[in-house]
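Participant: Structure, please.
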Amino acid sequence: MKQLIQNLGIIIFLIAVAVLIIGLFQDMATNTLLLISGGLLVLGLFVHVLVNKKIE
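Facilitator: Residues are numbered from 1 along each chain as shown. As a prediction, this is how the structure comes out:
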């Protein structure tokens, strides 16, 4: 479970990439889809950094 929490940011990042790829292959490249995918990319990055940050 601890490993899953540590990789949560990467999982969110991969979901965002999958949403973007599916949207592009199905010709659904709307601004809303791109905004959602971009938001998930940024969220995944921040979650990954914050969860894995070592507090001394």
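Participant: List the neighbours of the helix or strand hosting residue 32 that are in contact with it.
Facilitator: Secondary structure assignment for residue 32, by DSSP states H and E: helix 31-51. Contact partners of helix 31-51, identified using CB atoms under 8 Å, 6 or more residues apart in numbering, comprise 5-6, 8-17, 19-20, 23. No exception for glycine: its C-beta is placed from N, CA and C like everyone else's.
Participant: Quick check on these: which are buried?
Facilitator: Burial by neighbour count, judged by 16 or more other CB atoms under 10 Å, picks out 8, 9, 12, 13, 16, 19, 20, 23 from the contacts of helix 31-51.
Participant: now these in TSV, with pLDDT, secondary structure and distance to residue 1?
Facilitator: Listed next are the buried ones among the contacts of helix 31-51 as TSV, based on pLDDT from 0 to 100; DSSP: H, G, I helix; E, B strand; the rest coil; distance: CB to CB, whole Å:
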residue	pLDDT	secondary structure	distance to residue 1
8	86	helix	11
9	84	helix	16
12	88	helix	17
13	89	helix	20
16	90	helix	23
19	88	helix	25
20	86	helix	29
23	82	helix	32
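Participant: Including distance to residue 49, could the residues you listed go into a markdown table?
Facilitator: Shown next, in a markdown table, are the buried ones among the contacts of helix 31-51 (distance: CB to CB, whole Å):
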| residue | distance to residue 49 |
| --- | --- |
| 8 | 11 |
| 9 | 7 |
| 12 | 12 |
| 13 | 11 |
| 16 | 15 |
| 19 | 21 |
| 20 | 21 |
| 23 | 26 |
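Participant: From residue 28, how far out is residue 19?
Facilitator: Remark: distance between residue 19 and residue 28 (CB to CB, to the nearest Å) = 10 Å.
Participant: Spatially nearest residue to residue 28 (excluding sequence neighbours)?
Facilitator: residue 22 (8.0 Å; CB to CB, 6 or more residues apart in numbering).
Participant: Where does the prediction get shaky in the protein?
Facilitator: Residue ranges of the chain with pLDDT under 70: 29, 54-56.
Participant: and the residue nearest to the spatial centre of it, how far is that from residue 46?
Facilitator: By CA atoms, centre = their mean, the chain has its centre lying nearest to residue 13, at 2.4 Å. Applying CB to CB, the value for residue 13 to residue 46 is 10 Å.
Participant: Since that was my last question, I'll sign off now.
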